[in-house]
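Asker: just to be clear, the model below is a prediction. Sequence and coordinates:
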Amino acid sequence: MHQLIAIAIFAVAAFAAELPYPKPNAGYPAPSYDKEPLMPYNFGYAVNDVPTYNNFAHQETADTKAVTGSYRVALPDGRTQIVTYKADEYGYVADVKYEGEAKYPEYSKPAYQQAYQPAPAPSYKP
């Protein structure tokens, strides 16, 4: 009886392996993108948060043909990086400038400090 069941299982498995897989359905059509004209806009913001040393700004303007703008950021070395850019049908062009002089403070070796060693706990013996 067990042999008959085992043979039947192998026969079904062999038959199922020969069945062709169903064809995949076509799915969704490929997306098409129409070139939309630029909508004019203008925005700008600035942040100067002294406790976190965040100091940056961004300004951008777009008309129906191009996007122009600039941003600036205060760098850790004391300089300010200013990027002016224009993006149009010919590509993206950026001009990067730096204001100020980079300052790197002199590194001084920290003074040696003895490791903390607490005094032994007093022991009372009557």
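Answerer: It's in.
Asker: all contacts plus neighbour counts: C-alpha atoms, from now on.
Answerer: Will do.
Asker: count the residues that sit near Arg72.
Answerer: By the criterion of other C-alpha atoms under 10 Å, Arg72 has 19 neighbours.
Asker: check Thr80 too.
Answerer: Neighbours of Thr80 using other C-alpha under 10 Å come to 19.
Asker: so it touches Tyr98, yeah?
Answerer: Yes - using C-alpha atoms under 8 Å, Thr80 is in contact with Tyr98, at 5.6 Å.
Asker: okay, strands next: where are they in the chain?
Answerer: Using DSSP state E, the strands assigned to the chain run over residues 41-49, 54-62, 67-74, 80-88, 91-99.
Asker: now the third one: average pLDDT?
Answerer: Right, strand 67-74. The pLDDT scores in strand 67-74 average 97.
Asker: just checking: what are the partner strands of it?
Answerer: strand 54-62 (antiparallel), strand 80-88 (antiparallel) (DSSP bridges).
Asker: redo those strands as TSV? Include mean pLDDT.
Answerer: Below are those laid out as TSV (pLDDT from 0 to 100):
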stretch	mean pLDDT
strand 54-62	96
strand 80-88	96
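Asker: those: which one's closest to Ala14?
Answerer: strand 80-88 (62.4 Å; C-alpha to C-alpha).
Asker: flag the shaky bits of the chain, pLDDT-wise.
Answerer: 16-19 (pLDDT under 70).
Asker: contacts for stretch 106-126, please.
Answerer: Outside stretch 106-126, no residue is within contact range by C-alpha atoms under 8 Å, 6 or more residues apart in numbering.
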